[in-house]
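Participant: need a structure here:
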Amino acid sequence: MTDANIESYKRGDRVRHPTKPSWGLGQVLEDSTAESVRIFFVGAGEKLLGLSYVHPIKVTGAEAASTLLDNLMIKAGAEGIKFKSLPESIQYFLSEFPEGFHGERLHRHERRYKIEAHELGKEQLEPIVLRSLLSAGNYGEVCARALKLVNATNLIFPNEKMTLKDGLKPTENQTKFATALVDLLYGTHDEYEQRFVRFATVLEEIGAAKWTTATYFAFFVFPQEHMFLKPTVTQEAADLCGFEISYKPQLNWKTYERVLAFSKWLFDELTERGLKPRDMIDVQSFIWCIGPESYAA
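Facilitator: Residues are numbered from 1 along each chain as shown. Predicted coordinates:
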């Protein structure tokens with residue numbers, strides 16, 4: 001076969017391997033040469049295919065739809081965590097929790113204490129009560145309720161808990177934090193992005209700008225829609241899945257927005273594959289489990 005007869009592929013083309021259906025949908029990572037093309041397949045990761053031997057089939061329209069490929073993390077030639085297909089990660093998860101999200105082992109080790117924290121969050125951060133406290137100028141009580149929820153789990157490191165507690169000692173910081181927290185959770189005048197940015201700014205001002213603190217309260221009050229961001233664990237899970245979350249250590253909306261997209265993708269995929277996650281608490285447990293370090297360790 002001559003070079004003239006070899007089909008060319010452009011970066012971003014969606015394709016399927018003609019003889020390996022288990023590899024699933026693929027995306028061309030860079031324009032092909034006369035000899036080869038580099039493709040990321042959702043079921044197999046990155047592959048360099050010789051065009052003298054195989055001709056990927058281009059697909060378009062609904063057949064080319066893929067949330068993962070729309071948000072693909074590309075680290076060409078970079079060292080890092082090796083990609084795992086989602087079925088591989090699910091198999092690893094089930095090796096630790098054979099009954100999945102609805103089994104006793106996951107409930108005992110992962111879900112029970114988080115549900116208890118969720119119930120505590122609903123009680124301590126009830127909107128009518130918080131707004132009444134703000135109206136009365138009782139910002140310290142709002143902060144005390146927030147700290148009670150923080151201390152209910154081990155998801156935030158002890159030093160980060162202490163940093164938040166110390167940051168809330170000055171009266172002016174209590175006012176800022178309480179106002180921003182109520183706005184974050186229950187504000188109605190702006191989209192969540194603006195409320196998140198304001199809350200992040202306050203955390204920076206009081207010296208407590210950590211991702212764990214910034215995402216903890218919404219996760220436990222609204223676990224159906226928000227995700228807790230533990231930086232190392234979440235980055236490792238996103239790397240494994242090949243999903244770009246644009247992580248930066250500084251608090252910023254883009255990273256959190258990408259984490260929400262990653263979490264929703266996982267929720268939808270796990271649901272479609274029959275695991276039936278109930279909320280982001282289950283998804284967060286899955287993220288925690290599939291990292292390169294074993295869950296048991």
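Participant: For the stretch 1-150 of the chain, which residues score under the pLDDT cut-off?
Facilitator: Across the stretch 1-150 of the chain, the ranges flagged by pLDDT under 70 are 1-5, 75-81.
Participant: which residues in it form helices?
Facilitator: Ranges of helices in the stretch 1-150 of the chain, per DSSP state H, counting those that start in this stretch, are 67-70, 86-96, 104-106, 112-124, 127-135, 139-150.
Participant: Out of those helices, which gets nearest to Thr232?
Facilitator: helix 86-96 (16.9 Å; Cβ to Cβ). Backbone N, C-alpha and C define where each C-beta goes, glycine included.
Participant: just checking, what packs against that closest one?
Facilitator: helix 231-241, helix 280-289 (3 or more Cβ pairs under 8 Å, 6 or more residues apart in numbering; DSSP states H and E).
Participant: repeat that with 6 Å
Facilitator: In terms of contacts (3 or more Cβ pairs under 6 Å, 6 or more residues apart in numbering; DSSP states H and E), helix 86-96 is packed against helix 280-289.
Participant: re earlier: let me have the helices of the stretch 1-150 of the chain in JSON lines, adding distance to Leu168 and mean neighbour count as columns.
Facilitator: Output for the helices of the stretch 1-150 of the chain, formatted as JSON lines (distance: least, Cβ to Cβ, whole Å; neighbours: other Cβ atoms under 10 Å):
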{"stretch": "helix 67-70", "distance to Leu168": "39", "mean neighbour count": "16"}
{"stretch": "helix 86-96", "distance to Leu168": "37", "mean neighbour count": "16"}
{"stretch": "helix 104-106", "distance to Leu168": "34", "mean neighbour count": "15"}
{"stretch": "helix 112-124", "distance to Leu168": "15", "mean neighbour count": "17"}
{"stretch": "helix 127-135", "distance to Leu168": "14", "mean neighbour count": "14"}
{"stretch": "helix 139-150", "distance to Leu168": "5", "mean neighbour count": "19"}
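Participant: Over to Gly207. Which of the three states is it?
Facilitator: coil (DSSP: H, G, I helix; E, B strand; the rest coil).
Participant: May I have the predicted confidence score for the residue nearest to it when sequence neighbours are not counted?
Facilitator: For Gly207, ignoring the flanking residues on the chain, the nearest one in space by Cβ to Cβ, 6 or more residues apart in numbering is Gly167 at 4.9 Å. Per-residue confidence for Gly167 comes out at a pLDDT of 98.
Participant: pretty sure Gly167 is touching Leu203, no?
Facilitator: No. Look at Gly167 against Leu203 with Cβ atoms under 6 Å: they stay out of range, at 8.0 Å.
Participant: For the lengthiest helix in the chain, give me every contacting residue.
Facilitator: Assignment by DSSP state H gives helix 253-272 as the longest helix of the chain. When contacts are defined by Cβ atoms under 6 Å, 6 or more residues apart in numbering, helix 253-272 is touched by residues 67, 86, 193, 196-197, 227, 229, 238, 243, 245-248, 277, 280, 283.
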